[in-house]
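Asks: show me how the following folds:
(one chain, ligands or ions: 1)
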Amino acid sequence: MIHFLNVSKFYPNGARALTDVTTRIEKGEFVFLVGPSGAGKSTFIKLIIKEEAPSRGQIMFNNKNISRIRPREIPYLRRSIGVIFQDFKLLPNKTVYENVAFAMEVIEASKREIRKAVPSALSMVGLEKKADVMPSELSGGEQQRVAIARAIVNNPPLIIADEPTGNLDPDTSWEIMRLLDDINKCGTTVIMATHAKEIVDNMKKRVIALEKGRIARDEQRGVYGYEN
Ligand SMILES: Nc1ncnc2c1ncn2[C@@H]1O[C@H](COP(=O)(O)OP(=O)(O)OP(=O)(O)O)[C@@H](O)[C@H]1O
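Replies: Here you go, the predicted structure:
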């Protein structure tokens, strides 16, 4: 599904965020991206969602070279990817329902599709009863579940999560992980950047470790491998 071929990323200030990274992530995989602060995890993610472009090398997404796509094609790429962030990034003036519906409105889904898909996504994350509530009235874990509903509502083949449990307590973090695991078991590919050692060590998924912008380890059923 994703193929990095000799990818390097240098920022304009000279920072070398990724150097000669080659890796392949297949459809249906669950991959943890780990590594010390500044190792290049967020940059790896930004290259996939085309928030940044590689300085060198090629990135293929579903057999399409996304290093070369035109700006007007970027919205089509982003439709195929649900993104989840550490700080949830919900719209504060919209209800839970409206936050999830918004992700469908921007891709011009019909009202009928929206009325069908939003309740189903909210029920997947266990928040069907909170549809009319504002994000500020929810706990951190509930807010992250709204963000997950928003990420899955368009049924993308790929979910990318950048530190999704970074602001959550351990129990709530595990609820979020169970949800991501369920979503993955339904066939969605999941890539998650994290510093959560406990989670990585317990879930026994593929682990790609970046260090100073290079792949230092790539293990099936891997471990976190660092002291926090
Ligand atoms: N927009 C930017 N401009 C300049 N340098 C950047 C930019 N974004 C990241 N960097 C640099 O690139 C390197 C990799 O950063 P990146 O954010 O990808 O690491 P990370 O592994 O996600 O770190 P963390 O775990 O702290 O989030 C770092 O040296 C960082 O300072």
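Asks: just to check, residue 144 is in contact with residue 177?
Replies: No - with contacts counted by CB atoms under 8 Å, residue 144 stays clear of residue 177, the gap being 10.8 Å. Placement of C-beta: from N, CA and C, glycine included.
Asks: anything in contact with each of those two?
Replies: residue 165 (CB atoms under 8 Å, 6 or more residues apart in numbering).
Asks: out of those two, which sits in the more crowded spot?
Replies: Neighbours were counted for residue 144 and for residue 177 using other CB atoms under 10 Å; residue 144 has more, 29 against 22.
Asks: what's the next secondary structure element after the helix or strand hosting that one?
Replies: For residue 144, the host element (DSSP states H and E) is helix 140-152. Moving toward the C-terminus from helix 140-152, the next helix or strand (DSSP H and E) is strand 158-162.
Asks: can I assume residue 221 sits in a strand?
Replies: No - under DSSP: H, G, I helix; E, B strand; the rest coil, residue 221 sits outside any strand and is assigned coil.
Asks: state the pLDDT value of the nearest residue to residue 8 once chain neighbours are set aside.
Replies: The shortest distance from residue 8 to any non-neighbouring residue, by CB to CB, 6 or more residues apart in numbering, is to residue 56 (4.2 Å). pLDDT for residue 56: 96.
Asks: and if you look at the one 10 residues further on?
Replies: At residue 66, the pLDDT value in this model is 89.
Asks: so the residue lying closest to it once chain neighbours are set aside, which state does it fall into?
Replies: Computed as CB to CB, 6+ apart, the closest residue to residue 66 that is not its neighbour in sequence is residue 59, at 5.2 Å. Secondary structure for residue 59, judged by three-state DSSP, is strand.
Asks: and what of residue 18?
Replies: Under three-state DSSP, residue 18 falls in the strand class.
Asks: show me the contacts for it.
Replies: Per CB under 8 Å, 6+ apart, neighbours of residue 18: 7-9, 40, 43-44, 47, 54, 210, 213-214.
Asks: now with 7 Å, please.
Replies: Counting by CB atoms under 7 Å, 6 or more residues apart in numbering, residue 18 touches 7-9, 40, 43-44, 213.
Asks: adding distance to residue 185, pLDDT and neighbour count, write those residues out as CSV.
Replies: Below are those laid out as CSV (distance: CB to CB, whole Å; pLDDT from 0 to 100; neighbours: other CB atoms under 10 Å):
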residue, distance to residue 185, pLDDT, neighbour count
7, 29, 97, 23
8, 34, 97, 16
9, 32, 97, 22
40, 29, 97, 26
43, 29, 97, 22
44, 24, 97, 29
213, 32, 97, 23
